[in-house]
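In: got a structure for you, letters missing:
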């Protein structure tokens, strides 16, 4: 349907839909342990039917206008993605998130894709507050929030149970006027 180039390195942002189940499963198998360090994303997708179910769940959420899932492809291979969660257009709020397999880390893929996604939610959908929520120990994720110019709002102490461990969650955000101002300042340079 669409592919947005994210630079000259073969990176693209595309819809991630149920018909990608086989490719999604292969991607999860390559990165499952890494991806699931802090979040259970895709953990129930263990074969093609369950991978399709996971993608269908997000397709249904997109149809309900409460979430959206987008894949990151590098040289034609699915390597991760970005998404909106808790999307509430009426209140002008949403959460954004990401996941990536290890082979694709360190290239700025998520940061570039997230800039496209945040531009879209603010400029096209009228979102005023964009949140980023990550486990306090997930430094790569927290670094993305920093690179995006988000502000650390606070910590939800021991609010996320994952692998039998309670993790603190850091909440970061950017407001639409801040995002537009930073984007304008960046384009002037």
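Out: Okay, I see it. Since we're looking at a predicted model, the values are computed, not measured.

In: Pretty sure residue 114 sits in a strand.
Out: No - Residue 114 is assigned helix when assessed by DSSP: H, G, I helix; E, B strand; the rest coil, not a strand.

In: Just the element for the closest residue in space to it that isn't next to it in sequence, please.
Out: Nearest non-adjacent residue to residue 114, counting by C-beta to C-beta, 6 or more residues apart in numbering: residue 82, 5.6 Å away. For the C-beta atoms, the positions are set from N, CA and C on the backbone; glycine is no exception. In the assignment (DSSP states H and E), residue 82 maps to strand 77-88.

In: Pull out the buried positions in that strand.
Out: By 16 or more other C-beta atoms under 10 Å, the buried positions in strand 77-88 come out as 78, 79, 80, 81, 82, 83, 84, 85, 87.

In: Reformat the residues you listed as CSV; add distance to residue 159.
Out: Formatted as CSV, the buried residues of strand 77-88 follow (distance: C-beta to C-beta, whole Å):
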residue, distance to residue 159
78, 30
79, 29
80, 25
81, 24
82, 23
83, 20
84, 20
85, 15
87, 21
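
In: For the residues you listed, work out which two are farthest apart.
Out: The span of those, defined through C-beta to C-beta, is set by 79 and 87 at 23.9 Å.

In: quick revisit: who's in contact with the helix or strand that the strand holding residue 82 is followed by?
Out: Counting by DSSP H and E, the next helix or strand C-terminal to strand 77-88 is strand 93-100. Identification of contacts with strand 93-100 by C-beta atoms under 8 Å, 6 or more residues apart in numbering yields 31, 34-35, 39, 41-42, 72, 79-88, 109-110, 113-114, 117-118, 121, 127-133, 141, 144.

In: Paired strands for strand 93-100, with orientation please.
Out: The pairing partners recorded for strand 93-100 under DSSP bridges are strand 77-88 (antiparallel), strand 129-135 (parallel).

In: that older thread, would you mind giving the buried residues of strand 77-88 as a markdown table with distance to residue 155 and pLDDT added?
Out: Putting those into a markdown table (distance: C-beta to C-beta, whole Å; pLDDT from 0 to 100) gives the following:
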| residue | distance to residue 155 | pLDDT |
| --- | --- | --- |
| 78 | 33 | 96 |
| 79 | 30 | 96 |
| 80 | 26 | 94 |
| 81 | 26 | 94 |
| 82 | 23 | 96 |
| 83 | 22 | 95 |
| 84 | 22 | 95 |
| 85 | 19 | 93 |
| 87 | 23 | 95 |
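
In: nearest to residue 65, of those residues?
Out: Out of the buried residues of strand 77-88, the member with the shortest distance to residue 65 (by C-beta to C-beta) is residue 87, at 6.5 Å.

In: right, and the closest one touches residue 66 too?
Out: Yes - with contact defined as C-beta atoms under 8 Å, residue 87 reaches residue 66; the gap is 5.1 Å.
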